[in-house]
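Engineer: Need a 3D model of the sequence below.
(chains A, B, C and D)
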2 protein chains.
Amino acid sequence: MKVLVVEDDRKIATAIQRGLTAEGFTVEVSFDGDDGLWRATEGSYDLILLDLMLPGRNGYQVCAALREAGDWTPVLVLTAKDGDLDEAEALDTGADDYLTKPFSYPVLLARVRALLRRAAGRDPVPVEVGDLRIDPGARRAWRAGEELALTAREFDVLEFLVRRAGQVLSKDEILAGVWDYDFEGEPNIVEVYVGRLRRKVDDPFARHTIETVRGAGYRMATT
Amino acid sequence: MKVLVVEDDRKIATAIQRGLTAEGFTVEVSFDGDDGLWRATEGSYDLILLDLMLPGRNGYQVCAALREAGDWTPVLVLTAKDGDLDEAEALDTGADDYLTKPFSYPVLLARVRALLRRAAGRDPVPVEVGDLRIDPGARRAWRAGEELALTAREFDVLEFLVRRAGQVLSKDEILAGVWDYDFEGEPNIVEVYVGRLRRKVDDPFARHTIETVRGAGYRMATT
DNA sequence: AGCGACGTTCAGCGCCCGTTCAGGAGAGCG
DNA sequence: CGCTCTCCTGAACGGGCGCTGAACGTCGCT
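Structural biologist: Now for the predicted structure:
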C-alpha cells in the first residue's frame, strides 16, 4: 500500500510518515503543493493525505487538479480547526474525507483504514496475540476470553502495542503513535499507562505481557 | 448489488457513495449526464440514482434515453425541492421514484431498498439483535415482543445502531448516517436521542442496550 | 386558528479519565 | 556495597465528556 503525504509542516509529516511506515505502508512525503501534485500524477498511490495550507498550490487546487485529470485516488484532507478554509469545500473539490488538526494518530489510522477499506471493500479484522484479543471496530479487548474494562487511552495504547507485538517501542514512539502529535507532556505518561494496562491484562501469577526493556522501551510478548 | 449514482454535486455524490458502500452495495459514480448514460447502458446495474440537474444531458433525457433503449433498470430520481423541474414529469419519463433534496440518508436507503425489493419481488428482512426487532419496511420496532412507540428520528437512529450492532459508532458517524447531509448541528443531538432511546427500549433493571464508549462513541450491545 | 407532537438547542451538573508529581523500588555498574 | 539512573506507582487534581431537563421553534393535524 503506497501513501503520499503532502504536508509542509515537517514535524507533522515526519510523525505521519513514521507511523504509517511502521504500520506497513510505503510512505512518500511532499512539502509543497506543486511537488505534491506532480508526484500524485506521476506515481500511483493507494491514498493521498493532503494538507490544505500549502506553499505553492494549496490543497484545494491540488485536489481539484487531480480530479480534473481523472485521478480518483482516495484523498484524505488535513485541515486546521480554526482555518478560514472550509472543510465542506474540500469535499466539494473531490476529497473523500477530512480530519481537523490536531488529530491523534489512532484517529488518523482509523480514517486511513476506513478509506482504503471503502476502496477495497474489506472489513477490519480483530487482532490476536497469545491469549489477548483486540477488536478495533468494537473497541473491545479480551484476555483468555474475559473482557477487559479499558478506557479510551488504555485501549489505544494496548492496540498500538499489540499491533507491533515483539518489537521494542520506545516511550517516544508510543507517545507519537497514540497521543496527538502536538502533545507536550512527559514520557512518564507512557509508564503510567503501561502500569495500568499490566494491572488489567496481566495474569497476576505469570510474567508481564508488556515487558520492560530497560533503556529502550517496552515490548509486547508474542506468546 | 450494483448501484450507479449520477450526480454532479461531489459532496452529495460522495455522501451517497459512502453510505451505500458501507451498506454493502457496489457503488459507481458519474458526474455528468452523458457519462452517466454511457455507464448505464454499458454496465449492468441493479439501481440507478439520477440527479435531474446535470451538466451534459439532464436527468430527464438520461432516463428517457434508457427507457427508449429498452433498459428498465429501476431509476430513483433526486430533485431539488425548489427546482423548476417537476418531479411528476420525471415519473413520466420512466423513473420509478423520486426524492427531493435535501433528504436524510435513512430516507434514501429506505427508498433504495423499496425499489430493489419491488424489482426483486422480495421483502426486506427485519433485523434482530438480542430481544430487539426492527422492521425497516414497516418502520416498527419491538423489544421482547412489545412494540415500541418511536418517533421518526428515534427510529432512524435505532435502525442505524442495530444494523451495526457491536461496532463503535462515533457521534459524527451517526450524524452523517442519520441526519441530512447538510445538517450543521452539534453532535450533542446524538446524545439526546440516545438518551431518549434508552428510556424507551431499555429494560430499567438491565444494563443499557446502547452502551457508551467514552471518548469513542456508542455501541449497540449484541446480546 | 389552535393544539400537540416532534426536532433541536442550551445550560448545568456529575463524574470519569487523563495527566502530573513525588517518593520508592530495582537494575546496572564500579 | 553504595551510587546513580531508570522505571514504577499511589494520590490528587482539574478539565472535559456525556447526560438530562427545560425551553423554543416548527410542522402537521383537526
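
Engineer: which intervals of chain A have sub-threshold pLDDT?
Structural biologist: A:81-94, A:117-125 (pLDDT under 70).

Engineer: which residues in it form strands?
Structural biologist: A:2-6, A:26-30, A:47-51, A:75-80, A:97-101, A:127-129, A:132-135, A:140-143, A:146-148, A:168-169, A:210-213, A:217-220 (DSSP state E).

Engineer: So A:L50 is in contact with A:P74, correct?
Structural biologist: No: between A:L50 and A:P74 there is no contact under CB atoms under 8 Å: 10.4 Å. Bear in mind the C-beta positions are built from the backbone N, C-alpha and C, glycine included.

Engineer: More neighbours: these two, which one.
Structural biologist: Just comparing A:L50 and A:P74: by other CB atoms under 10 Å in any protein chain shown the higher neighbour count belongs to A:L50, 29 against 19.

Engineer: check contacts around the more buried one.
Structural biologist: A:L50 is in contact with A:V6, A:E7, A:G36, A:G59, A:V62, A:C63, A:V75, A:L76, A:V77, A:L78, A:A95, counting by CB atoms under 8 Å, 6 or more residues apart in numbering or on different chains.

Engineer: correct me, but the last one touches A:C63?
Structural biologist: The one in question is A:A95. Yes: contact status for A:A95 versus A:C63: in contact at 5.4 Å, counting by CB under 8 Å.

Engineer: How about the residue in chain A that chain B sits nearest to: what's its closest non-neighbour residue?
Structural biologist: The nearest approach of chain A to chain B comes at A:A152, 3.3 Å away (CB to the nearest CB). Nearest non-adjacent residue to A:A152, counting by CB to CB, 6 or more residues apart in numbering or on different chains: B:G215, 3.3 Å away.

Engineer: interface residues of chain A facing DNA strand D?
Structural biologist: A:K171, A:N188, A:E191, A:V192, A:V194, A:G195, A:R198, A:T212, A:R214, A:G215, A:A216, A:G217 (CB under 7 Å from any atom of the strand).

Engineer: Write the PyMOL selection for whichever of those are buried.
Structural biologist: Entered in PyMOL, the line below selects the buried ones among the residues of chain A next to DNA strand D, by 16 or more other CB atoms under 10 Å in any protein chain shown:
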select buried, chain A and resi 171+194+217
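
Engineer: What are the contacting residues of stretch A:187-198?
Structural biologist: Here stretch A:187-198 has contacts from A:150, A:153-154, A:157-158, A:171-172, A:174-175, A:179, A:208-210, A:212, A:218, using CB under 8 Å, 6+ apart.

Engineer: Repeat that for stretch A:205-215.
Structural biologist: A:130, A:132, A:161, A:168, A:194, A:197-198, A:201-202, A:218-221.

Engineer: Which among those residues count as buried?
Structural biologist: A:L132, A:L161, A:V194, A:L197, A:V201, A:Y218, A:R219, A:M220, A:A221.

Engineer: closest to A:A138 among these?
Structural biologist: A:L132 (14.9 Å; CB to CB).

Engineer: Would you check that my belief about the closest one contacting A:W142 is correct?
Structural biologist: Yes: between A:L132 and A:W142 there is a contact under CB under 8 Å: 7.4 Å.

Engineer: thinking again about what came up before, could you single out the most deeply buried of the strands of chain A?
Structural biologist: strand A:47-51 (a mean of 27; mean count of other CB atoms under 10 Å in any protein chain shown).

Engineer: orientation of it relative to strand A:2-6 in degrees?
Structural biologist: Orientation note: strand A:47-51 sits at an angle of 10 degrees relative to strand A:2-6 (axes from the mean of the first three to the mean of the last three CA atoms, to 10 degrees).

Engineer: Strand partners (parallel or antiparallel) of strand A:47-51?
Structural biologist: Strand A:47-51 has its sheet partners listed here by DSSP bridges as strand A:2-6 (parallel), strand A:75-80 (parallel).

Engineer: neighbouring contacts of the longest helix along chain A?
Structural biologist: Secondary structure of chain A read by DSSP state H shows that its longest helix is helix A:105-120. By CB under 8 Å, 6+ apart, the residues outside helix A:105-120 that reach it are A:1, A:3, A:15-16, A:19-20, A:23, A:46-47, A:49, A:74, A:76, A:96-97, A:99, A:123-124, A:136, A:156, A:159-160, A:176-179, A:181, B:18, B:21-22.
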